[in-house]
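Student: Task: produce atomic coordinates for the following.
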Amino acid sequence: MLRDAREAAARKQWDKAIEAYQQALVLVPRSEDAELGLADAYRQVFNYAESRRLLDDACRRHPRSAAPLIARGELEIERQHYENAIADLARALAVEPSNLKARLDLAAAYRAKGDSAKALFHLDRAIARDPQNALAHYLRASLFDDRNDDGRALPDAEKVVQLQPENIPGRLLLAKILLRKEDCARAVDLLKPLAGAPQEESQTLYLLGRAYQCSGQADLAQQTLARFAEASQQDRLAAENRTQALHMVEQAGELARQNQPGPALDLLQQALTKDPAAGGAYTLLAKILYSAGEIEKAHDAIRRALEIRPFHPDSLYVLGRILEKEGKPEEALQAFAQTVAVNPSEADAYYEMGAIYQKQGDHTRALAALKKAVELAPDDADYKQALAAASASDTP
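Tutor: Got it, this is the predicted structure:
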């Protein structure tokens, strides 16, 4: 079962991975691998609360293991809670002083917090233990680069590119240092293969333009810096459009709650013009269209939302409601099952599942789903009424 979970995770089928990890934990309740795999699967679908809960439990169950502490520390880094991350990663190192992953994560957390001295201490220790670790050299080079200490940054940056020639951030960092040292021809050689690559395109063009300038290639410098200006303007415009689209979706949501679907739809169309990848806009659009009875259009909108955010629980729930309305109960149940897989606290999905099972005459499953809905939302009168009705119909 654990192998099935790992294979599903490798394919990024997070709902299947979650289900398989949960089944693995039924078979082996204290399996650290399954606990950490399940927590990571929830992290991948941005359910940080459930991921944190599982990691808290894993840390309590395995006090002599560094792995749960490292996983929790990495989650806290992702959430930019650096003090919490440092506390967890320091504990992990106390448990397992030789753990290089914990030390590098701790260095990254200290650097993000602005404590370069402690970050450098841990990077020095990491490199002393593993001189061929490219990440450790990259982090130390970046730290020295922050200080404009080219003399110490350069050897580490060169080591990164030597160890990993295709490492784009490493090549950009080395080129930046070489430019400050006026080693222009070498910087050009590093950057030319990256021009046009999607990764770091604006930064690449800027550095390459400067490298051409300092190597006396004025025409190429002018052309490249013109491309940089265009790319950076596009980047700024895209960022502004995303921000504006997000604000429009929030406004549309408020209008929808005020029962003003027309103005809400207008705003959503504007938002999608600004940012066609605004998954939240498609989800809200699907809800409004569903309420208006335009089921086919609602289905198309929620399909687009799930293409952008495949495991977003709100979108999965809306898909279930649409499928239910289309007379596809089995597909609706599958969508609701995916909803509760990625968000176990989604009471509405359990309620809908209970209603479908009740219609199908499957009273056992209906009761189980409705009990779960009431357990999650004990103050909801509709849930309690539905459970009471289901319990009465199940009574001999």
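Student: only C-alpha atoms for contact and neighbour calcs from this point on.
Tutor: Fine.
Student: which one's the longest helix in the chain?
Tutor: helix 218-257 (DSSP state H).
Student: who does it touch, helix- and strand-wise?
Tutor: helix 201-214, helix 261-274, helix 279-291 (3 or more CA pairs under 8 Å, 6 or more residues apart in numbering; DSSP states H and E).
Student: For the shortest one, which outside residues touch it?
Tutor: Applying CA atoms under 8 Å, 6 or more residues apart in numbering, the external contacts of helix 279-291 come out as 249, 253, 256, 261, 265, 268, 271-272, 295, 297-302, 304-306, 308-309, 314-315, 318, 322.
Student: Recalculate using a threshold of 6 Å.
Tutor: The set of residues that contact helix 279-291 without belonging to it, under CA atoms under 6 Å, 6 or more residues apart in numbering, is 249, 268, 298, 301-302, 305, 308, 315.
Student: Check the second one too.
Tutor: Residues from elsewhere that reach helix 261-274 (CA under 6 Å, 6+ apart): 241, 245, 248, 252, 255-256, 281.
Student: Adding neighbour count, pLDDT and distance to residue 20 as columns, could you present these in CSV?
Tutor: Output for the contacts of helix 261-274, formatted as CSV (neighbours: other CA atoms under 10 Å; pLDDT from 0 to 100; distance: CA to CA, whole Å):
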residue, neighbour count, pLDDT, distance to residue 20
241, 18, 97, 39
245, 26, 97, 37
248, 22, 97, 39
252, 26, 97, 38
255, 17, 97, 41
256, 19, 96, 38
281, 30, 97, 32
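Student: pLDDT below threshold where in the chain?
Tutor: Applying pLDDT under 70 to the chain flags the ranges 197-200, 394-396.
Student: Name the residues of stretch 321-341 that come out as buried.
Tutor: Under the neighbour-count criterion of 16 or more other CA atoms under 10 Å, stretch 321-341 has 321-324, 329, 331-333, 335-341 buried.
Student: wait, I meant stretch 290-297
Tutor: Of the residues in stretch 290-297, those buried under the neighbour-count criterion (16+ other CA under 10 Å) are 290, 295.
Student: Only C-alpha atoms, please: export that stretch in CSV.
Tutor: Coordinates of each C-alpha in stretch 290-297 appear next as CSV, following Å, rounded to 0.1, in the frame of the first residue of the first chain:
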residue,chain,number,x,y,z
TYR,A,290,-25.0,26.9,-11.5
SER,A,291,-27.3,29.1,-9.4
ALA,A,292,-28.7,30.5,-12.7
GLY,A,293,-29.5,27.1,-14.0
GLU,A,294,-26.9,27.3,-16.8
ILE,A,295,-25.4,23.9,-16.0
GLU,A,296,-23.5,23.2,-19.2
LYS,A,297,-21.7,26.6,-18.9
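Student: Would you mind giving the secondary structure of residue 306?
Tutor: Taken by DSSP: H, G, I helix; E, B strand; the rest coil, the conformation at residue 306 corresponds to helix.
Student: give me the number of residues near it?
Tutor: 20 (other CA atoms under 10 Å).
Student: Now for it: which residues touch it?
Tutor: Applying CA under 6 Å, 6+ apart as the definition, residue 306 turns out to have no contact partners.
Student: Excluding covalently adjacent residues, which one is nearest to residue 32?
Tutor: The shortest distance from residue 32 to any residue other than its chain neighbours is 7.0 Å, reached at residue 58 (CA to CA, 6 or more residues apart in numbering).
Student: The one you found and residue 344: what is the separation?
Tutor: If you measure residue 58 against residue 344 using CA to CA, to the nearest Å, the figure is 18 Å.
Student: So which of the two has more stuff around it?
Tutor: Of the pair residue 58 and residue 344, residue 58 is the one with more neighbours under other CA under 10 Å, namely 24 against 17.
Student: Please tell me how far the helix or strand encompassing the more buried one is from the chain's geometric centre.
Tutor: Under DSSP states H and E, the secondary-structure element containing residue 58 is helix 48-61. Mean C-alpha position of helix 48-61 versus that of the full chain (CA atoms, centre = their mean, to the nearest Å) differs by 18 Å.
Student: Can you show me the CA trace of that helix as PDB?
Tutor: Below are the C-alpha coordinates for helix 48-61, written out as PDB (Å, rounded to 0.1, in the frame of the first residue of the first chain):
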ATOM      1  CA  TYR A  48      -1.400  23.400   5.400                       C
ATOM      2  CA  ALA A  49      -3.600  22.900   8.500                       C
ATOM      3  CA  GLU A  50      -4.000  19.200   7.900                       C
ATOM      4  CA  SER A  51      -0.400  18.800   7.000                       C
ATOM      5  CA  ARG A  52       0.700  20.600  10.200                       C
ATOM      6  CA  ARG A  53      -1.700  18.500  12.300                       C
ATOM      7  CA  LEU A  54      -0.200  15.300  10.900                       C
ATOM      8  CA  LEU A  55       3.300  16.500  11.400                       C
ATOM      9  CA  ASP A  56       2.600  17.600  15.000                       C
ATOM     10  CA  ASP A  57       1.300  14.000  15.700                       C
ATOM     11  CA  ALA A  58       4.400  12.500  13.900                       C
ATOM     12  CA  CYS A  59       6.700  14.600  16.100                       C
ATOM     13  CA  ARG A  60       5.000  13.400  19.200                       C
ATOM     14  CA  ARG A  61       5.000   9.700  18.100                       C
END
